[in-house]
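1. model the following, please.
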Amino acid sequence: MPALALMLNAFVWGVSWWPFRQLQNWGLHPLWATALVYLVSMALLFAWQPGAWRGFRGRPLLWLLMAAAGLTNVGFNWAVTVGDVVRVVLLFYLMPAWTLLLAWPILGEKPTPMGLVRLLLALAGVVIVLKTDGAAWPVPESLADWLSLAGGFSFALTNILLRKLHAAPPTARILAMFGGGGATALAAALIGMALGVVPPVPAPQAAWAGVGLALSLGFLVSNIALQYGASRINAHAGALIMLSEVVFASLSSVALGASELTARTLAGGALILAAAAWSAWPAGDSKPANAGAQSAA
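-> Numbers count the residues shown, from 1 in each chain. Reported below is the predicted structural model:
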């Protein structure tokens, strides 16, 4: 069940680029759309569990989870709306490398020599993806690139914090993720509007309101699945399962003309995915921090 829950989350994230682009076509910036999605989801959660906020008492890490989840959504949702979907998802999935680095200080999982080799393999893939013909150095060349990398880092931190907070009430973890998604996106949208980067919210339309509501329900289900699965599975195994998002995103975006599969993207992507898959391969070099609270993938 934890594995299926993570795959459901990956599917929703993998195809979410399409409704976000539709909303932008109707004048709703992805930051406003993200705020709408998560504020609606949070309202639904409070209607179901009015006392969800009580789980925050004595658990300051939930506030960090709130920030990490919020930055994840801001980065990913904005990036897939304005960038090449496959490139965005590949850069986002440097996540297993971030997991390797973050799991040591937070979970006490020290990186092994093979783990460091996998990190180098993933970084080599990123270099290939970023080094375009017109670029002198393999560095992020667009807003979408930076958002993808930042979103992947935040998502790795989110997954690790979910494991760290496995004893917290599930509704409190979900509230942290929904609250973070809504509050962070709303704050970013307001700042962006003040700077002239983000347009104001357009007049309500039945079309985008309906898509926004459907997206809210989709993210509600997917985030419940994520907090359930990530809190019960090894961090590296979870990263492997979540790679199915790349498949969902690639197939849907190429089919609908939102991505171009170049030889460089395919080569770099192969290294990134190989490193991610290797990081979760059962080899006995990684154990859950709270083995008694985890279940096998």
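2. what is the neighbour count of residue 100?
-> 25 (other C-beta atoms under 10 Å). C-beta here means a position set from N, CA and C on the backbone, and glycine is covered the same way.
3. which SSE is it in?
-> Element membership of residue 100, judged by DSSP states H and E, is helix 95-107.
4. residue 3 against residue 232, yeah?
-> No: with contacts counted by C-beta atoms under 8 Å, residue 3 stays clear of residue 232, the gap being 9.5 Å.
5. show me which of these two is the more surrounded one.
-> residue 232 (23 against 17).
6. model confidence for the closest residue to residue 208 other than its chain neighbours, exactly?
-> Distances taken as C-beta to C-beta, 6 or more residues apart in numbering place residue 26 nearest to residue 208, at 4.2 Å, with adjacent residues excluded. pLDDT recorded at residue 26 is 91.
7. which residues does residue 26 contact?
-> With contacts defined as C-beta atoms under 8 Å, 6 or more residues apart in numbering, residue 26 is in contact with 202, 205, 207-208.
8. residues near residue 269, how many?
-> Number of residues near residue 269 (other C-beta under 10 Å) recorded here: 24.
9. wait, I meant residue 155
-> 26.
10. for it, give its distance to residue 208.
-> As judged by C-beta to C-beta, to the nearest Å, residue 155 and residue 208 stand 26 Å apart.
11. quick one on the thing from earlier: please tell me how far the residue nearest to residue 208 sits from residue 75.
-> Counting by C-beta to C-beta, the gap from residue 26 to residue 75 is 22 Å.
12. what do you get for residue 42?
-> 19 Å.
13. check residue 181 too.
-> Residue 181 is 11 Å from residue 75, by C-beta to C-beta.
14. and what of residue 187?
-> Computed as C-beta to C-beta, the residue 187 to residue 75 distance reads 14 Å.
15. and those two? Which one has more around it.
-> A count of neighbours by other C-beta under 10 Å puts residue 75 above the other of residue 187 and residue 75, at 25 against 14.
16. so how far is residue 52 from the more buried one?
-> To residue 52, residue 75 is 25 Å away according to C-beta to C-beta.
17. equivalent analysis for residue 181, please.
-> For residue 181 relative to residue 52 (C-beta to C-beta), the value is 15 Å.
18. so the two - more neighbours on which side?
-> It is residue 181, of residue 181 and residue 52, that has more neighbours when counted by other C-beta under 10 Å, with 27 against 21.
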